[in-house]
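K.L.:
the sequence isn't on hand, but the structure is:
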């Protein structure tokens, strides 16, 4: 039985892709079971509630050598802790290729599209398999989530076409209204503890020269995408305290929390200390005011924030 | 202009895949040009002569940041020396994933089939593009070459189906006769210098714990696939001298040269020194006699030799 799972701190794409890919493989004769690596965020919980389906179970401890399929991620820092002991036989992803290796030839399918869901739809079409209603809504929701309904610069033509194809199958007549309902659910953060908010869409990235591991830096980059940024900034002090704690717990060089205003397409990032302030200045040319750096329209961690940090930390350039 | 190329010491698949993928991309609106990383072997020269087409040009020095597409390989040790400075935007391959990373999301297409040609046919069919005669014969030749016309354990059902699909398009009525003509051309080694023979199908593999690069070993593994092994063993002394020299030149821990008898499906491997002899004994349980280790039916470097060496050098097991 192949275990299929998305990244740590799962978002709608990570959960949706695990469910859809496991079902696709099963239909193709490969027994597969979807899992998750953490709690659902409020948006994903909303999507599954709308569909009336359960979340995939938490991934149990897998024995070394177990066959696994990764979706929506490939870097070890974003995956299960014993990934290097497992046998990765399949990957479907839309991120850059990180430190993944395989022990045998495997099925790898990466394309530079906005969402794993877009790629999974393509796999259905290539296999001449009809898309089931539940799968259609999962993929649709994932694409709307990852692209912020086409607001993100990660959006491609293939994502737009996939949404146009999937919406009628999923029975979603008003895509904009559905997307806004998803974003509202995501923004309804209530009394969620600050550390949970920080870790909800949080990834650790290694930066620097991989050939000299001892010189590399590890940064934690959190994102809160919301239609209600005022709520988040109302909890700024708590969030900064949580960032301080997470930085120490995870042994990081730095931690940032970007608050992305979905509807206004802007990013104001919480800045913890002088280390992060220096990075904001040197990597983005942005001054920090009151522990907030205004990153303007840079709303995509993947396409706008991480590449700038990679360029900054690249070998041969000065580091923080 | 995207530069498309296969591995160092190109074989028929490396050359064929570069030509076919460059043409496919061009038909899809992506301007691409095929290149090679070395001299043609006699089999590939035969195939191109049969088709009346020129070899792709040698890859010129590319400026850092140039966009490249890799076919039939992905590990840096088997690629252009400045790969880490280039921008890998596409890979089509059927080998395990090695140390490749990309700076941006890319198109990666890996499947565990016997040949890149099989995968390239699939890309044509998915794109609903008719296969041109020349491309059909290139892919057909590559599949027959990589699978030794289905004798190799790397052969999959997809490879067999691809050959059945391609042969009529390529105008090859008698596939077995064509394969034998290819293998005869490959075996007609004449007065080729011993080092050229050794390097004709030669790859360097890193073994051990990638997390501790300083403890890793690098081995050079050459293969001569031939219908005339007596000719090769008639030049055993010369070949051993060339192995000794290549080992020193390339700064390797060890070097092996497998002489694969295509028609009898057997592998007798030339063993240079006590280091290699110890490896044959401990990794394969095979004793060396007169500097030759009889590896029996292990005719696939990729599927039978390299995995055994990886297991042997894996962290936690004793090393040579």
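P.N.:
In hand now; what should we look at? These figures come from a predicted structure and were not determined experimentally.
K.L.:
near chain B, which residues of the stretch 1-150 of chain A are found?
P.N.:
Contact residues (CB under 8 Å from any CB of the partner chain) of the stretch 1-150 of chain A with chain B: A:94-113, A:126. Using the backbone N, CA and C atoms, a C-beta is placed for each residue, glycine as well.
K.L.:
if any of the residues you listed are buried, put those into a PyMOL selection.
P.N.:
In PyMOL, this line selects whichever of these come out buried by 16 or more other CB atoms under 10 Å in any protein chain shown:
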select buried, chain A and resi 94+95+96+97+98+100+101+102+103+104+105+106+107+108+109+110+111+112+113
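K.L.:
which of the residues of the stretch 1-150 of chain A next to chain B fall within helices?
P.N.:
Under the assignment DSSP state H, these contribute residue A:126 to helices.
K.L.:
the stretch 1-150 of chain A: strands as residue ranges?
P.N.:
For the stretch 1-150 of chain A, the strands defined by DSSP state E, counting those that start in this stretch occupy A:2-5, A:32-35, A:67-71, A:87-93, A:107-110.
K.L.:
can I get those in JSON lines with mean pLDDT?
P.N.:
Compiled in JSON lines, those are given as follows (pLDDT from 0 to 100):
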{"stretch": "strand A:2-5", "mean pLDDT": "98"}
{"stretch": "strand A:32-35", "mean pLDDT": "98"}
{"stretch": "strand A:67-71", "mean pLDDT": "98"}
{"stretch": "strand A:87-93", "mean pLDDT": "98"}
{"stretch": "strand A:107-110", "mean pLDDT": "98"}
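K.L.:
of all those strands, which one is nearest residue B:52?
P.N.:
Of all the strands of the stretch 1-150 of chain A, strand A:107-110 sits nearest to residue B:52, with 35.4 Å by CB to CB.
K.L.:
so residue A:53 sits against residue A:134, correct?
P.N.:
Yes. Using CB atoms under 8 Å, residue A:53 is in contact with residue A:134, at 6.5 Å.
K.L.:
could you look up the SS state of the residue in the stretch 151-300 of chain A that chain B sits nearest to?
P.N.:
Closest residue of the stretch 151-300 of chain A to chain B, CB to the nearest CB: residue A:210 (7.2 Å). Following DSSP: H, G, I helix; E, B strand; the rest coil, residue A:210 is assigned to coil.
K.L.:
and for it, the neighbour number?
P.N.:
The tally of other residues near residue A:210 (other CB atoms under 10 Å in any protein chain shown) stands at 16.
K.L.:
check what pLDDT residue A:190 gets.
P.N.:
Looking at residue A:190, its pLDDT reads 88.
K.L.:
check residue A:77 too.
P.N.:
On the pLDDT scale, residue A:77 gets 89.
K.L.:
residue ranges for the helices of chain A, please.
P.N.:
Along chain A, the segments classed as helices by DSSP H run A:12-27, A:42-51, A:116-126, A:133-146, A:157-170, A:175-187, A:194-200, A:229-233, A:236-249, A:274-284, A:306-313.
K.L.:
with mean pLDDT added, can I get the ones you listed in JSON lines?
P.N.:
Shown next, in JSON lines, are the helices of chain A (pLDDT from 0 to 100):
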{"stretch": "helix A:12-27", "mean pLDDT": "98"}
{"stretch": "helix A:42-51", "mean pLDDT": "97"}
{"stretch": "helix A:116-126", "mean pLDDT": "97"}
{"stretch": "helix A:133-146", "mean pLDDT": "98"}
{"stretch": "helix A:157-170", "mean pLDDT": "98"}
{"stretch": "helix A:175-187", "mean pLDDT": "97"}
{"stretch": "helix A:194-200", "mean pLDDT": "93"}
{"stretch": "helix A:229-233", "mean pLDDT": "96"}
{"stretch": "helix A:236-249", "mean pLDDT": "96"}
{"stretch": "helix A:274-284", "mean pLDDT": "96"}
{"stretch": "helix A:306-313", "mean pLDDT": "93"}
